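here is the input, now give the coordinates:
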Amino acid sequence: MATMVELIEMMINEILDQNDGEAKINRSNLAEQVSCVPSQITYVVKTRFSSGNGYVVESKRGGGGQIIIKRVRPLTKHEYLQQLVDSIDSGLTQQQARGYIENAIRVGALNVREGTALMAAVSDNSLAKVDTDIKPLVRADILKNAIAGFMLN
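Predicted coordinates for the structure are as follows:
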């Protein structure tokens, strides 16, 4: 069964696919459709539809919070991966890292084997001996450096 985050992501992706890569959503209406709070919609947009994941997001205040998401497809694998590296903050949760990796696979910047290896490298299991305080920083550094390595090919 899909998690709430995955369900929201799938719904937004369906809208993007149906409208040539552009989705105009009302945060409150979408939250009502999936029986969640609007802040969960905001979370999904921030973690799954960021510029590093190949999207441009415009947010409009008022009226239930209209959000416009546009899918941007960089011309090359290298350009996409560079955008991804540039957009990774100083710290990442395992779920955020998974979102970045899954989107890179979906757009063809990474293959499934590369993505699986990256997920293993940045998983909570791999970082189990790292202090909790710095785990997000270490995860972000590993992901950035590994992606930079893929850019050399």
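
secondary structure class for Ala23?
strand (DSSP: H, G, I helix; E, B strand; the rest coil).

and the longest helix along the chain, average pLDDT?
Secondary structure of the chain read by DSSP state H shows that its longest helix is helix 135-151. Across helix 135-151, the average pLDDT comes to 94.

show me where the chain has its helices.
Using DSSP H, the helices of the chain run over 4-18, 27-34, 38-48, 77-87, 94-106, 112-122, 135-151.

any chance of CSV for those, columns distance to Lys60 and mean neighbour count?
Backbone N, C-alpha and C define where each C-beta goes, glycine included. Shown next, in CSV, are those (distance: least, C-beta to C-beta, whole Å; neighbours: other C-beta atoms under 10 Å):
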stretch, distance to Lys60, mean neighbour count
helix 4-18, 16, 16
helix 27-34, 10, 16
helix 38-48, 13, 18
helix 77-87, 22, 17
helix 94-106, 24, 20
helix 112-122, 33, 16
helix 135-151, 30, 17
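
can I get those in JSON lines including distance to Lys129?
Shown next, in JSON lines, are those (distance: least, C-beta to C-beta, whole Å):
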{"stretch": "helix 4-18", "distance to Lys129": "28"}
{"stretch": "helix 27-34", "distance to Lys129": "37"}
{"stretch": "helix 38-48", "distance to Lys129": "26"}
{"stretch": "helix 77-87", "distance to Lys129": "25"}
{"stretch": "helix 94-106", "distance to Lys129": "15"}
{"stretch": "helix 112-122", "distance to Lys129": "14"}
{"stretch": "helix 135-151", "distance to Lys129": "10"}
